[in-house]
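S.K.: need a structure here:
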Amino acid sequence: MDNRFTVLSIEDNEPDFVLLKKALNKIPDLSLDIINIDNGDDALKFLYKEGEYSSAPTPNIIILDINLPIIDGKEILKTLKQDENYKIIPIIIFSTSDYYSDIEEAYKLHANSYLTKTFDLQELYRKITLIGEYWLKSNELPDINNFCFIKKEDKEKK
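M.R.: Numbering: from 1, shown residues only. Now for the predicted structure:
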């Protein structure tokens, strides 16, 4: 597998996404396509390749905020981890919530990792870099080139 990855960020806070993109792009020896979707409804449309997203790429990893407009991150996590097509893609929760109940629920819904955002910019940058270093450089990811994707509407017809 080469070092080119698609990262889907599902984040409604533009400054958080800008920092995420900047930090991930500074990791050496990685070539990234970083896409951001700012609400849960559009994120699911993107992932299920609906409407304007019909030719959307399948991400190698998903970085998901819990607090999102329209459909929250927990519902997205639940939906994707129950789907045979998406359960193999790592989903990293990256949220301001450090409530034990949110962390526990995210893991019960099969999140692959949970990191809390901080107001300390250097620490936030460090955490984002760790996400990239681990999930995109050290970890072995499934080969999405062999990803057998079925559109949601086709699946419902069966």
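S.K.: which non-adjacent residue is nearest residue 127?
M.R.: Nearest non-adjacent residue to residue 127, counting by C-beta to C-beta, 6 or more residues apart in numbering: residue 115, 5.2 Å away. All C-beta spots, glycine's among them, are computed from the backbone N, C-alpha and C.
S.K.: ok so the one you found is a strand residue?
M.R.: Yes - counting by DSSP: H, G, I helix; E, B strand; the rest coil, one finds residue 115 located in a strand.
S.K.: which residue ranges of the chain form helices?
M.R.: Using DSSP state H, the helices of the chain run over 14-25, 40-47, 73-81, 100-108, 121-132, 152-157.
S.K.: just put these in a markdown table and tack on distance to residue 63, mean neighbour count and mean pLDDT.
M.R.: Shown next, in a markdown table, are these (distance: least, C-beta to C-beta, whole Å; neighbours: other C-beta atoms under 10 Å; pLDDT from 0 to 100):
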| stretch | distance to residue 63 | mean neighbour count | mean pLDDT |
| --- | --- | --- | --- |
| helix 14-25 | 7 | 16 | 92 |
| helix 40-47 | 11 | 20 | 96 |
| helix 73-81 | 10 | 20 | 96 |
| helix 100-108 | 13 | 14 | 96 |
| helix 121-132 | 7 | 16 | 88 |
| helix 152-157 | 22 | 11 | 52 |
